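K.L.:
Sequence first, predicted model second:
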Amino acid sequence: MKFISKYRRHKGALPILIMLALTGLGFTFSAATAAPASNTMSASAKSTLVEEGQTIFLKGCSSCHGLNAEGGAIAPSLIGVGAASVDFQVGTGRMPMQDMSQQAMRKKPVYNDEQVAALAAYVASLAPGPASLTNEQITWERDGNTADGGELFRNNCAMCHNFAGQGGALTQGKYAPTLMGVEPKHIYEAMITGPQSMPVFSDKIITPEEKLSIIKWIKAAESEPNLGGASLGRVGPVTEGLLIWVFGLGLLIGIAVWLTAKAR
Amino acid sequence: MSARERVAGTVANYVDERTGAAAWMKKNLQKVFPDHWSFMLGEIALYSFVILLLSGTFLTFWFDPSMRTVVYEGSYQPLKEVEMSAAYASTLHISFDVRGGLLMRQIHHWAALIFMAAIVVHLLRVFFTGAFRKPREFNWILGIGLLTLGIVEGFLGYSLPDDLLSGTGLRIAQAIIQALPVVGTYLSFFAFGGAFPGEAFIPRIYTVHILLLPGIFLALITVHLMLVWYQKHTQYPGPGRTEKNVVGYPLMPVYMAKAGGFFFIVFGVTAFLGAVASINPIWLYGPYTPGQISAGSQPDWYMGWLDGLVRMAPPIETHAFGHTISWNILIPGLIIPGILFTGMALYPFIESWITGDKKEHHLLDRPRNVPNRTALGVMALTFTLIALINGGNDIIATHFSLTINQIMWFSRIGIIVLPPLAFVITKRICLSLQRADRELVLHGKETGRLVMLPHGEFIEIHEELTPEKRYTLTQHEQPKAIELVTEDAGGVLNPKGIRAKLQARFSAANAENIAKPTAAEVKELEGGHH
């Protein structure tokens, strides 16, 4: 404080103080005016959200999915896919698609959360379908069981997504993506909507509680430390073989060369 | 008396005063071995075997080879209260509840991978240098036997924990057994004691893995080494090295120190890997049940090429007389490996038949000087490598953004086209290296120094080789083609017929070499201008 009081009679003290006060006032004002605006957004009628979604849809999606989401030669109809599907596909960045390759890949989302919600509301308004979820609704930490989830995972998921959820190859360049770093709601939505090559796991096949267990197991696998040392990608013996030939044997042969080198 | 002889003498004397074995020891402790890095590859295999015995013994203290169903109560939480076999539960116990258990498991597994890799590079060294030639044919066959047993032993070893990955491997092994026509089904029932997976298999392979095969290994390795001892080690050619001597260092003290030190280095590298790199994390795989499978299930690398062959096989089956013959398993799983291993075991005899060479050989070949053999070796390697790549096709597909189908078709076509191509290219490279050697002997080393002569001509100064180097490059004998005798002087047809024709043809191809410089040529050039 001594530092500040020492300069209180400095020539520049007044202008700086005025600048600080003005900046502070500006921020306070903008915060004060912004807050009611967002309140009115959430309070606004559902139809506004749908309209907003339609606008985004017409701009960003209709060229492939059709003006009324009826689908086209290169894209499926979205009537009846539900908000969950939109939340998963757009929320994980898979849609809009980067290119027309075998499969849409996960990437940085193009739309923000509000826009995704609007799009989801619009698609849900076309015909009923699975509703989208929030991470708060997925109470995996409270209601899931890791060990049960592991059993379910190995029975239903590991055949494509690998034993540790690292992903795996399917035919013709399609693949099951890695499950590491995926939001719980997206995992849940994928199970109920069956995106791309994935089958739908309805609540009759895997109950909602079991789905939470699966998510809990995936999250446990994600946060599990590599107990045996470097994980080598958790993809099985291929990387182990690579390491033993390149590092293990390479090093040992190098040492053999050193041991038999002629002394100079 | 040199210092070395004194050391050996002292040791021999000490033992002799107690056992009376001085003469034998003095002779054998001074036994000379040649010095070359490639002669230590087999040692890596030997030392990993010792590591395997030691770490394996540790693991048997806690492993329970039983298919009894238990409920897991150990400290790995994600599997808490999951039903599993006692074999799997005890492996988890070793990994998480035995002090040093996980380290020992990982050392054991890494040592197994090093063991197999060292066997393969040792085999390649022996093959490419022609060390399998008379009188070492039996030792070569022993080596092939050890390689085959190693593959089986490794497979049984990683099958023991009864985890999801190894269970998948066992299922494939069972499929291969069943693919045997007529007897397959019965053999499978016999091996598994009923339907797959049953309760009998794990305890059975445990006995085989820890008792029978290690016993056979010990016996075979002993004979393998005794034969090396008795026949003496081969050596690379050079001045002073002949078919009748061995130039190198004595066992005591030089090789005692080198080999002893090398053992600890191998142990160190294995322990380091065991400490820092995860291998076979069975707790992630989960317990085996036949209804489950993981994407990207792979065998260990030494089985990977077999898996790759099975993966690329087109789906061909024959149904006849109520039996199914699955060619898609039978051919890649049994017939091709059978041909490969039999061919490998018989190769010394095949080569000596082709060359007609019945002499003893203790001097090694430089691979370039035997283009046909070298090319054949590279051809076989190419074949195995393509199969191995296809064995990891799903991992390669996801990590390099390829499609499994592309890799499969590459392998299917490549495995037929690329090995012959590799043969031709390797042979050309060998011949070209022979040409380079010839050039080197006749004209010396290029120094890069250009000199302008008074009349304006530029020449490059060539540095003459030392006589030792020149000897090393020219000491080898070049094979002559066996002439085809269709009928003898009396007009009688050769009774060997087609066999003689084949032999003549192969031996002509084998004799295709760049003529090495003769003494006369060298002399002529020495008298010359440069």
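P.N.:
Received the coordinates, thanks.
K.L.:
Phi first, then psi, for B:Val32.
P.N.:
Dihedral pair for B:Val32: phi -100, psi 130, per degrees, to the nearest 10.
K.L.:
Might you report the residue contacts of it?
P.N.:
B:Val246, B:Val247, B:Gly248, B:Tyr249, B:Pro250, B:Leu251 (Cβ atoms under 8 Å, 6 or more residues apart in numbering or on different chains). Glycine gets a C-beta too; all of them are placed from N, C-alpha and C.
K.L.:
What distance do you get for it to B:Arg4?
P.N.:
Per Cβ to Cβ, to the nearest Å, B:Val32 is found 10 Å from B:Arg4.
K.L.:
Then B:Pro290?
P.N.:
B:Pro290 is 62 Å from B:Arg4, where distance means Cβ to Cβ.
K.L.:
Those two: which is more packed in?
P.N.:
Counting neighbours by other Cβ atoms under 10 Å in any protein chain shown for B:Pro290 and for B:Arg4 shows that B:Arg4 has the greater number, 15 against 12.
K.L.:
Quick check: chain neighbours aside, which residue is closest to the more buried one?
P.N.:
The shortest distance from B:Arg4 to any non-neighbouring residue, by Cβ to Cβ, 6 or more residues apart in numbering or on different chains, is to B:Pro250 (5.7 Å).
K.L.:
picking up where we left off before, may I ask which two of the contacts of B:Val32 are separated the most?
P.N.:
Using Cβ to Cβ, the contacts of B:Val32 span at most 14.4 Å, a distance reached by B:Val247 and B:Leu251.
K.L.:
more neighbours, the two?
P.N.:
Between B:Val247 and B:Leu251, counting by other Cβ under 10 Å, B:Leu251 is the more crowded of the two (18 against 15).
K.L.:
Please parse chain A into its domains.
P.N.:
Domain ranges of chain A: A:46-126, A:140-226, per automatic domain parsing.
K.L.:
Is it correct that B:Ile329 is in contact with B:Ile177?
P.N.:
No. If you go by Cβ atoms under 8 Å, B:Ile329 and B:Ile177 don't touch, sitting 9.7 Å apart.
K.L.:
mind exporting whichever strand or helix holds A:Ile253 as PDB, just the C-alpha atoms?
P.N.:
Per DSSP states H and E, A:Ile253 falls inside helix A:250-259. Included here for helix A:250-259 are C-alpha records, laid out as PDB according to Å, rounded to 0.1, in the frame of the first residue of the first chain:
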ATOM      1  CA  GLY A 250      17.700 -52.500 -30.400                       C
ATOM      2  CA  LEU A 251      19.300 -51.600 -27.100                       C
ATOM      3  CA  LEU A 252      20.600 -55.100 -26.400                       C
ATOM      4  CA  ILE A 253      22.200 -55.400 -29.900                       C
ATOM      5  CA  GLY A 254      23.700 -52.000 -29.400                       C
ATOM      6  CA  ILE A 255      25.200 -53.200 -26.100                       C
ATOM      7  CA  ALA A 256      26.500 -56.400 -27.800                       C
ATOM      8  CA  VAL A 257      28.200 -54.200 -30.400                       C
ATOM      9  CA  TRP A 258      29.700 -52.100 -27.700                       C
ATOM     10  CA  LEU A 259      30.900 -55.200 -25.700                       C
END
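K.L.:
need the strands for the chain, in chain order.
P.N.:
In the absence of a named chain, chain A is used. A:168-169, A:175-176 (DSSP state E).
K.L.:
ah, no, chain B please
P.N.:
Going by DSSP E, chain B shows strands at B:32-33, B:69-71, B:83-85, B:249-250, B:317-320, B:323-326, B:445-452, B:458-463.
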